[in-house]
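Student: predicted model follows, preceded by the sequence.
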Amino acid sequence: MYERIVKVINRAGVHARPAALLVQAAKDFPCDIYMERDTDRINGKSIMGIITLGAAYGAEIRIIAEGEQEREAVESMARLFETKFEEE
């Protein structure tokens, strides 16, 4: 298992477009991927799950992966947060 905490730094938060980018990145990896915010845990390969996290600006999200290429999967998704989903 590999995990990392990221912070939402784009002003619009995680809406439909960033959620789609996260799912697109997650589906490239064979491992199980989860995202957690507070007490909510969702499947990181589900666009609806990601949207329901309601991750607004400043929210902290834990990305967790278990299985093959888990580190690469988490780091790939974390890069999207770090680049503000290329929106700004």
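Tutor: Great, that's in hand. This is a predicted model, so every value here is computed, not measured.
Student: enumerate every residue touching Y34.
Tutor: For Y34, the contacting residues are R41, I42, N43, G44, I63, I64, A65, by Cβ atoms under 8 Å, 6 or more residues apart in numbering. From N, CA and C alone the C-beta is placed, and that goes for glycine too.
Student: should've said I63
Tutor: Contacts were defined as Cβ under 8 Å, 6+ apart; by that measure I63 touches E3, R4, I5, V6, I33, Y34, M35, G44, V74, M77, A78.
Student: tell me the secondary structure of it, please.
Tutor: Three states are possible here, and by DSSP: H, G, I helix; E, B strand; the rest coil the one that applies to I63 is strand.
Student: ok, what's across the strand from it?
Tutor: Note on I63: beta-bridge partners by DSSP bridges are R4, M35.
Student: that one and A12, how far apart?
Tutor: I63 sits at a distance of 19 Å from A12 (criterion: Cβ to Cβ, to the nearest Å).
Student: low pLDDT regions in the protein?
Tutor: Across the chain, the ranges flagged by pLDDT under 70 are 88.
Student: show me the strands in it, by range?
Tutor: Residue ranges of the strands in the chain, as given by DSSP state E, are 2-7, 32-37, 40-43, 60-66.
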